[in-house]
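Trainee: pasted the sequence and its predicted model underneath.
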Amino acid sequence: MPNPTLHITRFAPSPTGQLHLGHAFSALLAAEVAAAVGGSFRLRIEDIDATRCRPEHEAGLRDDLAWLGLVWPEPVRRQSEHMADYAKALARLDSLGLVYPCFCTRADIAAEVAASPSAPHGPDGPLYPGTCRHLSPAEATARQARGAPFALRLHMEAALAQAGGDLVWTDVFAGTVAAEPARFGDVVLARKETPTSYHLSVVHDDALEGVSLIIRGRDLFEATHVHRLLQALLGLPVPLYAHHDLLCGPDGRRLAKRDRAETLASLRAGGISPGDLRARLEPAFSSALEGILSALAVAQS
């Protein structure tokens, strides 16, 4: 078993496009923290979305990270090669009576939410109204047998009852956080064509790879509420988290692939060196690094 005081960190991109400065910030931060505490840094490829992930994007991100000077142990875990692992985790939750099939389309859900002005909202928008939660097993089985598309959802109320007790996690920057997964409603854990979701696969893989310190952007802070619940249900260890601030472009918006943020590949083509890029990340990088290392020192004293 890995020594938890040495900390295993990771960078886990999805190969759906090219990396930008925000990705470089997270990857460098995870690698430098691991090096500073005598731990190790891992790369993981989160490619469960077969419609958007591309081999050329994976090759490109590997080139970018190597150019930054990062190294990691091989072979790298590629999630698309381990769907059976996630299916087993899902089956465990199903055996606890916590999973049900949902046959609603996005249009169905939107229409039901629109018909109820008081529909509750969560961090990602209106919550799923639970339309299929009470389908009889016979009806659900019949629909599946007819080939109806479906998603598999977590029965949040039952899951919270099963987990029991107070669920908390520790974030380097936010301190002790009380998990409130109910704010997300009955989240999707898998779909008919894909036996996993981001929530399920990331929780499974972090535990499998012994990741003890998860360094990632603030945009994923809210997802940790759901992850903490899944850790409890699956009997997995709870890592330490460090959700750092996001980098923003000149317009003040956070850097994102969908907004065509300036890529590392384009910066490299323009002649920038890894040292020049690192200088562009200061002083935010040094501040985040110092904050994480100081918190670890206090925790281990």
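Mentor: That came through, no problem.
Trainee: once you drop chain neighbours, what's closest to V76?
Mentor: L43 (5.0 Å; C-beta to C-beta, 6 or more residues apart in numbering). Yep, even glycine has a C-beta here, placed from its N, CA and C like the rest.
Trainee: give me the three-state assignment for the one you found.
Mentor: strand (DSSP: H, G, I helix; E, B strand; the rest coil).
Trainee: test my guess that it contacts R10.
Mentor: Yes: using C-beta atoms under 8 Å, L43 is in contact with R10, at 7.0 Å.
Trainee: distance of the residue nearest to V76 from W72?
Mentor: L43 sits 4 Å away from W72, going by C-beta to C-beta, to the nearest Å.
Trainee: joint contacts of these two?
Mentor: Taking C-beta atoms under 8 Å, 6 or more residues apart in numbering as the criterion, L43 and W72 both touch L65.
Trainee: quick check: L21 vs E74, distance?
Mentor: Taking C-beta to C-beta, one finds L21 at 26 Å from E74.
Trainee: for those two, indicate the residue with more neighbours.
Mentor: L21 (18 against 6; other C-beta atoms under 10 Å).
Trainee: thinking again about what came up before, list the beta-bridge partners for the residue nearest to V76.
Mentor: Assessed by DSSP bridges, L43 has beta-bridge partners F11.
Trainee: mind listing what it touches?
Mentor: By C-beta under 8 Å, 6+ apart, L43 lies in contact with R10, F11, A12, R62, L65, L70, W72, V76.
Trainee: for the residues you listed, work out which two are farthest apart.
Mentor: Pairwise distances across those peak at 14.6 Å for R10 and R62 (criterion: C-beta to C-beta).
Trainee: those two - which one has more neighbours?
Mentor: R10 (27 against 18).
Trainee: where's that one relative to A269, distance?
Mentor: Look at R10 and A269: by C-beta to C-beta, they are 28 Å apart.
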